[in-house]
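# How does the following fold in three dimensions:
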Amino acid sequence: MAVRATSAGAASRVRGVRVLSLDTLVRVERGRKDRTVSAPGASRRLTVPEGMRAPLGCDAVAVPAELGPLLMPRLPRVGCVYADSTHWWWLVPSDSDVALEWPAPAHYATGALVPASPSVPGLIHTPDGTLPYTPPIPLYLALCRVTGTPPAWSRPVSA
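This next block holds a predicted model:
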């Protein structure tokens, strides 16, 4: 099967060869990773609260619990936030990690899959409205700020 970058649709045929877009390849890879990560008992998915909708899908960004209160006032909008004893989990739209290197000690969880732990993360913040998302770019910038990490696009590029 030939693989070429295309701008039209998820897949098309060119001279009898199936052509896949980069978006399709990214989604296939993520689906493969989700299946390997979601073994029984290994993880659980954060759920969107009743009455909210997630038209863009959901991923999550985890930060150590001590950073959570530092991030809240730095954000123009805070979506659904879950917490357990060690982490705060912020719901973001799916694929919010594409072309972004989330700074350590953050953990990006595709599909909002939380590793198994003794306690289930509880919902500690719900936004006004029906969308559960925290905007990923302001969250990324706030996280860079509190961790002292320069954003990826402002770092020097080596030749």
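
# now stretch 150-159: mean pLDDT?
The pLDDT scores in stretch 150-159 average 81.

# Look up how far residue 71 lies from residue 143.
Remark: distance between residue 143 and residue 71 (CB to CB, to the nearest Å) = 7 Å. Backbone N, C-alpha and C define where each C-beta goes, glycine included.

# now swap in residue 104 and tell me
Look at residue 104 and residue 71: by CB to CB, they are 15 Å apart.

# And for residue 159?
Applying CB to CB to residue 159 and residue 71 gives a distance of 35 Å.

# who are the neighbours in contact with residue 133?
Shown in contact with residue 133 (CB atoms under 8 Å, 6 or more residues apart in numbering): 54, 56, 58, 79, 80, 91, 92, 93.

# picking up where we left off before, so what sits against both of residue 143 and residue 71?
Residues touching both residue 143 and residue 71 (CB under 8 Å, 6+ apart) are residue 63.

# Looking at those two, which has the bigger crowd around it?
The neighbour comparison of residue 143 against residue 71 (other CB atoms under 10 Å) goes to residue 143, with 24 against 21.

# helix/strand/coil for the more buried one?
Following DSSP: H, G, I helix; E, B strand; the rest coil, the label given to residue 143 is helix.

# who does the residue most central in space within the chain bridge with?
Centroid-nearest residue in the chain: residue 59, 3.6 Å away (criterion: CA atoms, centre = their mean). Counting by DSSP bridges, residue 59 forms beta bridges with residue 92.
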